[in-house]
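Colleague: task: produce atomic coordinates for the following.
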Amino acid sequence: MSTAFEFQYPWVLGLLALLPIYAVLRGRIGRASALRFPSVDLARKVGRPARSAAGRLRLFLQLLAAALLTFSPLTLDHKWLVQNLDRIHIGSVQDLGTGIGDATASAVKRLAGIKNSKSRIIILLTDGDNNIGELDPVPAADLAAALG
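Modeller: Numbering: from 1, shown residues only. The predicted structure follows:
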C-alpha cells in the first residue's frame, strides 16, 4: 500500500471554485418578501437584512457539506476498508469495569468550569457495580454535593 497522498480525480477540485459563485448567486436570489411596502426606498433599505438567519445557516451548511465531500468523497474501496478493519484489535482495553467514583469526579470537574448555569445535573449510567477506579462513589458524591 502506497503512503503517498494523491487525488483520484484532481479535476474535481475545480468544483470548489464554483462554491463561492453559487453562494453569491444564492444570496441574491431568494424567496420574495412576505411583506409589501408602499415605498421602494424602504424596501431597499430593509430587503437585505430581512433574510432569515436560518436560511443563511442552511446555505452555509450546504456549502460546507459540498466542500467536505469534494476533499473526502465517499468511497467503495473495499480492499482499503478490509485492511484497516484488520488493524483493529478487539480487547485493546485492558481493564474492564465500572468506576462510578471516577466518573462522578470527572463530571464534577467539567461542571465546575461552568459558572453561569441555573442548575448542574450529573446523569450516571452504570450497572451499579463499582469494581474499578481510584475513588469510591460516596466521597465523589459528597464532593459533587459540596460543589453544588
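
Colleague: switch to C-alpha atoms for all contacts and neighbour counts from now on
Modeller: Fine.

Colleague: and residue 131, what element?
Modeller: If you go by DSSP states H and E, residue 131 is not part of any helix or strand.

Colleague: that one is in contact with residue 97, isn't it?
Modeller: Yes - the criterion here is C-alpha atoms under 8 Å, and residue 131 meets it with residue 97 at 5.7 Å.

Colleague: buried residues, the strand or helix carrying residue 61. List them.
Modeller: Under the assignment given by DSSP H and E, the secondary-structure element containing residue 61 is helix 53-71. If you call a residue buried by 16 or more other C-alpha atoms under 10 Å, then helix 53-71 has these buried ones: 59, 63, 67, 70.

Colleague: which of these lies closest to residue 7?
Modeller: Relative to residue 7, the closest of the buried residues of helix 53-71 is residue 70; by C-alpha to C-alpha it sits at 10.4 Å.

Colleague: which ones are touching the closest one?
Modeller: Listed by C-alpha atoms under 8 Å, 6 or more residues apart in numbering, the contact set of residue 70 reads 12-13, 15-16.

Colleague: what's the answer for residue 131, then?
Modeller: For residue 131, the contacting residues are 97-99, taking C-alpha under 8 Å, 6+ apart as the criterion.

Colleague: so which of these is the most crowded?
Modeller: Across the contacts of residue 131, neighbour numbers were computed from other C-alpha atoms under 10 Å; residue 99 holds the maximum, 20 neighbours.

Colleague: I'd guessed that one sits against residue 138; true?
Modeller: No - checked against C-alpha under 8 Å, the pair residue 99 and residue 138 is beyond contact range at 12.0 Å.

Colleague: so residue 102 makes contact with residue 133?
Modeller: Yes - judged on C-alpha under 8 Å, residue 102 makes contact with residue 133 at a distance of 6.0 Å.

Colleague: need the pLDDT of the nearest residue to residue 148 once chain neighbours are set aside.
Modeller: Of all residues beyond its chain neighbours, the one nearest residue 148 is residue 120 (7.5 Å), with distances taken as C-alpha to C-alpha, 6 or more residues apart in numbering. Residue 120 is assigned a predicted lDDT (pLDDT) of 82.

Colleague: and the pLDDT for residue 99?
Modeller: 88.
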